[in-house]
Structures are given as structure tokens and as C-alpha cells.
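**Student:** need the 3D shape of this:
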Amino acid sequence: MPTKTVAGRSVEVTDEGFFENPDTWTEAMVPDLAKEEGIDELTDQHWMVLRFMRQEYQQKGQGPTVRVLGKTSGVSVKELYQLFPKGPAKVAAKIAGIPKPRGCI
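**Tutor:** Numbers count the residues shown, from 1 in each chain. Predicted coordinates for the structure are as follows:
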């Protein structure tokens, strides 16, 4: 199982870079994880989406799809693509330390 160091902590990740154990994630890791995805500045909207992703995962056992995210997170699909240009659900899940949502390539 691959590992990587994020914010000074070693964490196990999948081959695609998603956390194996979401409980090892902390908010202190977010800036480093975001930079890896090309996001240099985190806005309040980024944080709102990331916290929503974690909440959904904790409640339902999986992250939301882009469609669900756009309907229920308080951020429109258009805004999601501006915040996470490489794919909102996949990139937000990776930064939020949760498994890749179903349906993401």
C-alpha cells in the first residue's frame, strides 16, 4: 500500500492518491492536498464543499456525486467546476480525505 507524507504525517493512500483511512485526515492537511491538485488559495466556498463532502461520507458511507454536490452543498455545479477545475467530486473527495465517489473516472 502506498504512503505519502501530508502536513508532516505519513498516511496510506490508494494508487490514485485517495486516503485509505479517512480517519487519518485532518483539516491541517487541506492546504498541502489542495496544492497537489493545483489549488493555491482556499476560499470559504472550498471549505464549505470539503466539509460537506466529509459530512456526507460520514453519514452515508460514500461521497456525493457532482450532481448531488451541486444540488445540496450550497454551491452550484458551475461554481464547483470553478473551485475544482479538474473534476469537483473527485478532487474535492481527495482533498477531503475520503474515498473516490462512485461514478468518478
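**Student:** list the buried ones in the lowest-mean-pLDDT helix or strand in the chain?
**Tutor:** Ranked by mean pLDDT, DSSP states H and E, the weakest helix or strand in the chain is helix 66-72, scoring a mean of 89. By 16 or more other CB atoms under 10 Å, the buried positions in helix 66-72 come out as 66, 69-70. Just so you know, the C-beta spots here come from the backbone N, C-alpha and C atoms, and that holds for glycine as well.
**Student:** swap in stretch 13-31?
**Tutor:** Neighbour counts over stretch 13-31 (16+ other CB under 10 Å) mark 13, 18-19, 22, 25, 29-31 as buried.
**Student:** try stretch 60-67
**Tutor:** Neighbour-count burial for stretch 60-67, counted by 16+ other CB under 10 Å, picks out 63-64, 66.
**Student:** and for stretch 39-54?
**Tutor:** For stretch 39-54, by 16+ other CB under 10 Å, it's 39, 46, 49-50, 52-54.
**Student:** and stretch 2-16, by the same measure?
**Tutor:** Using 16+ other CB under 10 Å as the test for burial, stretch 2-16 gives 6, 11, 13.
**Student:** just send those back as a markdown table, with secondary structure and distance to residue 82 too.
**Tutor:** Formatted as a markdown table, those follow (DSSP: H, G, I helix; E, B strand; the rest coil; distance: CB to CB, whole Å):
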| residue | secondary structure | distance to residue 82 |
| --- | --- | --- |
| 6 | strand | 25 |
| 11 | strand | 28 |
| 13 | strand | 26 |
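**Student:** return the closest of the buried residues of helix 66-72 with respect to residue 90.
**Tutor:** residue 66 (8.7 Å; CB to CB).
**Student:** rewinding a little: would CSV of the buried residues of stretch 60-67 with distance to residue 93 be doable?
**Tutor:** Formatted as CSV, the buried residues of stretch 60-67 follow (distance: CB to CB, whole Å):
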residue, distance to residue 93
63, 5
64, 9
66, 11
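**Student:** hang on, the earlier thing: for the buried residues of stretch 2-16, which one is nearest residue 83?
**Tutor:** Closest approach to residue 83 among the buried residues of stretch 2-16 (CB to CB): residue 6, at 20.2 Å.
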